[in-house]
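Participant: Build me a structure from this.
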Amino acid sequence: MFDEELVKLKENGLYRHLRAQTYLSPNIALIEGREVILFSGNDYLGFSSHPKIKQAACEAIAKYGTSARASRLISGNNELYRTLEMVLAEFKGKEAALVFPTGYHANLSLLTVLATKNDVIYMDKLSHASLYDGCLLSGAILRRYRHNDLNHLENLLAGEASSGRPFIVTEGVFSMDGDLAPLPGLKNLADNYGCLLLVDDAHGTGVLGLDGQGTSDHCGIKLEIEMGTLSKALGGLGGYVAGDQGLINFLINRARPFIFTTGLPPATLAGAKAAIELIAKEPWRRERVLNLAKRVRKILKETGYNIPHGFSPIVPIILGGEEQALALAKHCLKKGLFIPAIRTPAVPKNQARLRMTLSALHSDKEVEQALEILTSAGKELELI
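Facilitator: Numbering: from 1, shown residues only. You can find the predicted model right below:
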């Protein structure tokens with residue numbers, strides 16, 4: 001019953017398959033028998049291989065084993081949760097925090113608990129699938145505004161007549177474009193129209209802000225609720241929501257993705273706590289990855305690629321058609337460089353791209369190799 005649909009996916013350049021990867025180092029792996037440099041992950045600070053984080057994880061395994069064994073409300077609420085959530089709340093400047101198995105779970109939980117069918121959610125069109133799914137599952141009225149378009153958003157807000165509560169939902173750093181949401185402007189609109197502003201800071205936490213606190217800190221605004229993930233710059237797994245204690249208690253009692261999911265392994269909890277504590281202690285990691293991103297953007301633009309404005313570690317190389325993106329990714333892989341092709345529905349139609357991501361652990365030599373391969377491949381395929 002699936003054969004026809006799979007054929008269509010292949011014909012449209014949208015078929016996907018899993019690639020086995022054997023990591024040889026943080027940025028080198030074997031893919032299809034070939035040793036390649038990876039510019040494809042979200043380990044922006046290189047924390048997934050940090051000795052102190054690995055040590056914390058190993059000590060947790062030795063003491064507690066490998067599994068939470070149950071959901072948190074049954075018997076899976078390891079004491080490591082308490083210390084991690086205290087550290088997270090302090091890091092985000094909130095009264096309390098709650099950790100979820102993934103960032104996807106966190107977003108689904110928050111939106112389905114807070115919003116009801118009488119409410120209206122205004123969401124940036126390029127927001128992550130987890131936010132979109134959360135909006136749909138909440139039953140609220142959904143209005144999608146053009147990406148980072150404050151005028152369009154205000155027109156929607158001014159033209160809506162509803163008895164419910166309005167929400168504005170966005171990413172802080174957009175996962176596929178690498179640009180920032182205009183948070184000061186969004187906050188002003190939220191205040192003017194009585195909206196609750198919800199910002200998924202999955203790709204800003206740990207990277208932006210004075211000590212890595214994230215996009216809101218970088219923009220100099222205060223949010224009532226902070227949400228994000230432990231799986232990007234923090235190098236682990238899990239999601240979080242931070243806010244007042246009442247909100248956290250409400251989520252514990254009402255959030256189905258939280259209630260009915262087994263807790264995270266002890267090693268993951270211990271590693272995340274160690275990572276948060278290391279962010280401020282090793283600021284060179286944030287500085288290096290942002291400097292690398294700035295350098296890569298500049299050179300790729302000069303080479304002739306379509307590189308959107310931004311400064312985050314996410315550098316999209318916009319190509320348009322799925323065929324061009326697949327061809328460039330395949331060519332790079334043959335030359336020893338792995339940057340995945342991103343296609344619809346992850347990005348809008350005719351916006352296919354290579355999503356290049358930087359890590360603080362990328363060496364200057366690895367960056368130079370990547371730029372050389374991209375330049376030669378682009379010329380050979382007549383993309384630049």
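
Participant: beta partners of the spatially closest residue to Leu251 that is not a sequence neighbour?
Facilitator: Of all residues not flanking Leu251 in the chain, Leu98 sits nearest, at 5.5 Å (Cβ to Cβ, 6 or more residues apart in numbering). Just so you know, the C-beta spots here come from the backbone N, C-alpha and C atoms, and that holds for glycine as well. Beta bridges link Leu98 to Val241, judged by DSSP bridges.

Participant: How many neighbouring residues does Leu98 have?
Facilitator: By other Cβ atoms under 10 Å, 26 other residues sit near Leu98.

Participant: So it is in contact with Asn249, correct?
Facilitator: No: contact between Leu98 and Asn249 fails when scored by Cβ atoms under 8 Å: they sit 9.1 Å apart.

Participant: mind listing what the residue nearest to Leu251 touches?
Facilitator: Listed by Cβ atoms under 8 Å, 6 or more residues apart in numbering, the contact set of Leu98 reads 85, 240-242, 248, 251-252, 258.

Participant: Highest neighbour count among those residues?
Facilitator: Val241 (28 neighbours).

Participant: For Glu323, see how far away that one is.
Facilitator: Distance of Val241 to Glu323, given as Cβ to Cβ, to the nearest Å: 40 Å.

Participant: In which helix or strand does the residue nearest to Phe258 when sequence neighbours are not counted reside?
Facilitator: Of all residues not flanking Phe258 in the chain, Ser109 sits nearest, at 5.3 Å (Cβ to Cβ, 6+ apart). Secondary structure from DSSP states H and E places Ser109 in helix 103-114.

Participant: for that helix, packing partners?
Facilitator: Counting contacts by 3 or more Cβ pairs under 8 Å, 6 or more residues apart in numbering; DSSP states H and E, helix 103-114 is packed against helix 129-138, strand 196-200, strand 226-229, strand 239-243, helix 245-254, helix 256-259.

Participant: mind checking the SS state of Ala270?
Facilitator: Counting by DSSP: H, G, I helix; E, B strand; the rest coil, the backbone at Ala270 sits in helix.

Participant: any idea which helix or strand carries the nearest residue to it once chain neighbours are set aside?
Facilitator: Leaving aside its sequence neighbours, Ala270 sits nearest to Ala60 (Cβ to Cβ, 6+ apart; 3.7 Å). For Ala60, the host element (DSSP H and E) is helix 51-64.

Participant: Counting neighbours, which bits of that helix end up buried?
Facilitator: By neighbour count on 16 or more other Cβ atoms under 10 Å, the buried set for helix 51-64 is 53-54, 56-57, 60, 64.

Participant: again, but for stretch 79-95
Facilitator: 80-81, 84-85, 87-89, 91-92, 94.

Participant: With respect to Ile279, which of the residues you listed is nearest?
Facilitator: Comparing the buried residues of stretch 79-95 against Ile279 with Cβ to Cβ places Phe91 closest, at 7.8 Å.

Participant: quick one on the thing from earlier: isn't the residue nearest to Ala270 right up against Lys273?
Facilitator: No: between Ala60 and Lys273 there is no contact under Cβ under 8 Å: 9.5 Å.

Participant: Need the residues touching each of these two.
Facilitator: Both Ala60 and Lys273 are contacted by Leu80, under the criterion Cβ under 8 Å, 6+ apart.

Participant: could you dump the buried residues of helix 51-64 to TSV with pLDDT and distance to His218?
Facilitator: Output for the buried residues of helix 51-64, formatted as TSV (pLDDT from 0 to 100; distance: Cβ to Cβ, whole Å):
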residue	pLDDT	distance to His218
Ile53	98	24
Lys54	98	29
Ala56	98	27
Ala57	98	29
Ala60	98	31
Tyr64	97	36
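
Participant: burial count for Ala255?
Facilitator: By the criterion of other Cβ under 10 Å, Ala255 has 23 neighbours.

Participant: ok, now which ones touch it?
Facilitator: Counting by Cβ under 8 Å, 6+ apart, Ala255 touches 109-110, 112-113.
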